[in-house]
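Student: Okay, sequence plus prediction incoming.
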Amino acid sequence: MYRDEIQPWFDGVGVTSQIARAQSMGSRTLFRYPGPCGLRDYFIGRLTLLGAPESRLVWLSDSPLHPEARSAAHFGTLAILRSAGLEAEPDGEPGVFVARNLPVPCSALFWVPPSALARPLPWDGVATDVEARALFGPEWDGERRATRESLDRHLEERLALEEAGAGDLPARWGDLPEAKRREVLLRFGIAPRWTR
């Protein structure tokens with residue numbers, strides 16, 4: 001389904017609920033990179049929505065690796081587990097789903113570290129964050145701490161750029177090549193905090 005075909009379903013007008021359920025997320029685990037601010041909120045237990053509050057819809061992927069979420073390579077991504085009860089519809093693009101931007105219980109979300117993005121794990125058999133945590137060894141805790149620190153430095157760097165008046169920056173600072181980030185930081189006289 002394409003986005004313009006999906007909207008009537010979300011408005012309660014289009015396809016029947018029986019068809020929608022047949023095509024929906026069902027027992028699948030989907031993934032969402034909520035951006036650095038969304039991940040920070042998740043880490044501190046404040047993530048209430050998967051997308052921006054003003055967004056009615058949120059796009060999800062059937063894989064932790066997705067070309068639209070390149071910054072996940074730096075910070076990981078979120079798995080939206082079966083217990084989320086999220087009704088997501090195929091978007092028409094292979095591997096992409098769309099759902100209403102509604103609150104999801106914290107126990108139905110799990111942080112997937114950068115080191116595990118390409119690892120084949122039985123995600124569709126996982127319903128809760130406790131079950132998901134059992135897929136990882138003790139190194140997961142260390143990677144989570146290191147990623148949170150890196151994420152904080154990334155956000156500090158971005159804030160310093162905004163305060164310096166670098167308003168024309170791309171929204172996805174982490175997607176820029178490192179050399180380009182260094183060039184921008186130098187232009188505004190900002191010492192790197194996250195960029196090496």
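Tutor: On my side now, so go ahead.
Student: going forward, measure contacts between C-alpha atoms and count neighbours the same way
Tutor: OK.
Student: how about Arg32, phi and psi?
Tutor: Note on Arg32: backbone dihedrals following degrees, to the nearest 10 are phi -150, psi 130.
Student: How is this protein partitioned into domains?
Tutor: Under the assignment automatic domain parsing, the domains of the chain span 3-136, 143-187.
Student: Go through those and find the least confident stretch.
Tutor: Note on the domains of the chain: domain 3-136 shows the lowest mean pLDDT, a mean of 82.
Student: Helices of the chain, start to end?
Tutor: All helices of the chain, identified by DSSP state H, fall at 3-10, 17-23, 35-43, 72-75, 129-133, 139-163, 178-187.
Student: Pick the most buried one from the ones you listed.
Tutor: helix 72-75 (a mean of 22; mean count of other Cα atoms under 10 Å).
Student: Need the residue closest to the centroid of this protein.
Tutor: Tyr33 (1.3 Å; Cα atoms, centre = their mean).
Student: Spatially nearest residue to that one (excluding sequence neighbours)?
Tutor: Leaving aside its sequence neighbours, Tyr33 sits nearest to Thr77 (Cα to Cα, 6 or more residues apart in numbering; 4.8 Å).
Student: For the residue nearest to Trp123 when sequence neighbours are not counted, give me its contacts.
Tutor: Leaving aside its chain neighbours, Trp123 sits nearest to Thr29 (5.8 Å; criterion: Cα to Cα, 6+ apart). The contact partners of Thr29, by Cα atoms under 8 Å, 6 or more residues apart in numbering, come to Asp62, Ala79, Ile80, Leu81, Arg82, Trp123, Asp124, Val126.
Student: Considering those, which possesses the most neighbours?
Tutor: Within the contacts of Thr29, most neighbours by other Cα atoms under 10 Å means Ile80, with 31 neighbours.
Student: Next up, the contacts around that one.
Tutor: Thr29, Leu30, Phe31, Arg32, Ala108, Leu109, Phe110.
Student: Distance of it relative to Glu162?
Tutor: 31 Å (Cα to Cα, to the nearest Å).
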